[in-house]
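A.B. asks: sequence unavailable; structure follows:
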């Protein structure tokens, strides 16, 4: 296998780059590169941000993945998602080097495609989802693109790409739902919060939605995600608020209402408690950083 892989200082890598056709670019999402690697003991990626979405499967070995202050263990059959402009870092266990197979993609609905398989910037990791069917589809995809670009069509490439996501969407949470309904409920709760966090939802409302008693839901949620449901809601609100402060000229009161606070006072108080500075100062600092030529 290594005969078609190139070697650098921290890995053996086989990678193929695609030029999307006009037809591909007219669709929701399209693949732009694909490959697999074998890590060396010093393998360490990041901290950095990718301009594209990446879907990465761990086929062997162990390591760690870090994103937005959260650390996830990497083991065989795990899946991680990388998202545009979201800083991430991952590295191998030197004694158990990682092996990965991956596809990078772009498109106006790339994020929605990730959501269909349970991945988002706030939930970039799923344990043990790589089953034999998905594994085979990824390698079939790789076998296709190993051929010269003029020997297969853009439809063939798109077909393989969407087959992977189709199988993952069927697999997503099905095992957890059958084996442990509690875990399935916790994941549904996180998905519900990721969609409705700006609508003034409460932990009670989320627990009712998933059909669990609040105390039990909170306990299981913390065991699964390392934070309480309320902390997750606050984190989602503040991440969105920071994006709006950085990228828009909305008034603070407009941002407060956009992320689910009834007034500017409660928003400012919550923002300062979590970030350490008031929202107005955060915005000024971001403007200053962008204007700093150094």
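C.D. replies: Received, thanks. The structure displayed is predicted, hence computed values, not measured ones.
A.B. asks: what lies in contact with stretch 215-234?
C.D. replies: By CB atoms under 8 Å, 6 or more residues apart in numbering, the surrounding residues in contact with stretch 215-234 are 70, 122, 182-183, 185-187, 189-190, 193, 197, 201, 203, 206-207, 210, 212, 235, 270, 274. (C-beta placed from N, C-alpha, C; glycine too.)
A.B. asks: over to stretch 47-54?
C.D. replies: Against stretch 47-54 from outside (CB under 8 Å, 6+ apart): 29, 32, 66, 81-89, 102-106, 110-111, 113-114.
A.B. asks: which among these count as buried?
C.D. replies: Neighbour counting by 16 or more other CB atoms under 10 Å classes 29, 32, 81-83, 86, 88, 102-106, 110-111, 113-114 among these as buried.
A.B. asks: tell me which of those residues is nearest to residue 56?
C.D. replies: residue 102 (4.4 Å; CB to CB).
A.B. asks: state the pLDDT value of that closest one.
C.D. replies: Per-residue confidence (pLDDT) for residue 102: 98.
A.B. asks: ok, the one 10 residues further on next?
C.D. replies: Note on residue 112: pLDDT of 87.
A.B. asks: kindly report the same for residue 184.
C.D. replies: pLDDT recorded at residue 184 is 71.
A.B. asks: please, which helix or strand holds residue 81?
C.D. replies: Assigned by DSSP states H and E, residue 81 belongs to strand 79-82.
A.B. asks: and for residue 227?
C.D. replies: Applying DSSP H and E, one finds residue 227 in no helix or strand.
A.B. asks: again with residue 36
C.D. replies: Here residue 36, judged by DSSP H and E, is contained in strand 30-39.
A.B. asks: burial of residue 68, as a residue count?
C.D. replies: Using other CB atoms under 10 Å, residue 68 has 12 other residues around it.
A.B. asks: looking at it, it is touching residue 121, isn't it?
C.D. replies: Yes: assessed by CB atoms under 8 Å, residue 68 is found in contact with residue 121 at 7.2 Å.
A.B. asks: excluding residues flanking it in the chain, which one is nearest residue 75?
C.D. replies: residue 62 (5.5 Å; CB to CB, 6 or more residues apart in numbering).
A.B. asks: show me the contacts for that neighbour.
C.D. replies: Contacts of residue 62 by CB under 8 Å, 6+ apart are 73-76, 92-93, 96, 98.
A.B. asks: which ones among those residues are found in strands?
C.D. replies: Members of the contacts of residue 62 lying in strands (criterion: DSSP state E): 73-74, 92.
A.B. asks: among the contacts of stretch 215-234, which ones are buried?
C.D. replies: Applying 16+ other CB under 10 Å to the contacts of stretch 215-234 flags 122, 182-183, 185-187, 189-190, 193, 197, 201, 203, 206-207, 210, 212, 235, 270 as buried.
A.B. asks: could you list the low-pLDDT ranges of the stretch 101-250 of the chain?
C.D. replies: Applying pLDDT under 70 to the stretch 101-250 of the chain flags residues 173-183.
A.B. asks: neighbours around residue 131, how many?
C.D. replies: Neighbours around residue 131, by other CB under 10 Å: 14.
A.B. asks: pretty sure it contacts residue 170?
C.D. replies: No: assessed by CB under 8 Å, residue 131 is found out of contact with residue 170, at 10.2 Å.
A.B. asks: residue 130 looks like it's in a strand, true?
C.D. replies: No: under DSSP: H, G, I helix; E, B strand; the rest coil, residue 130 falls outside any strand and is assigned coil.
A.B. asks: I'm done for today, thanks for sticking with me.
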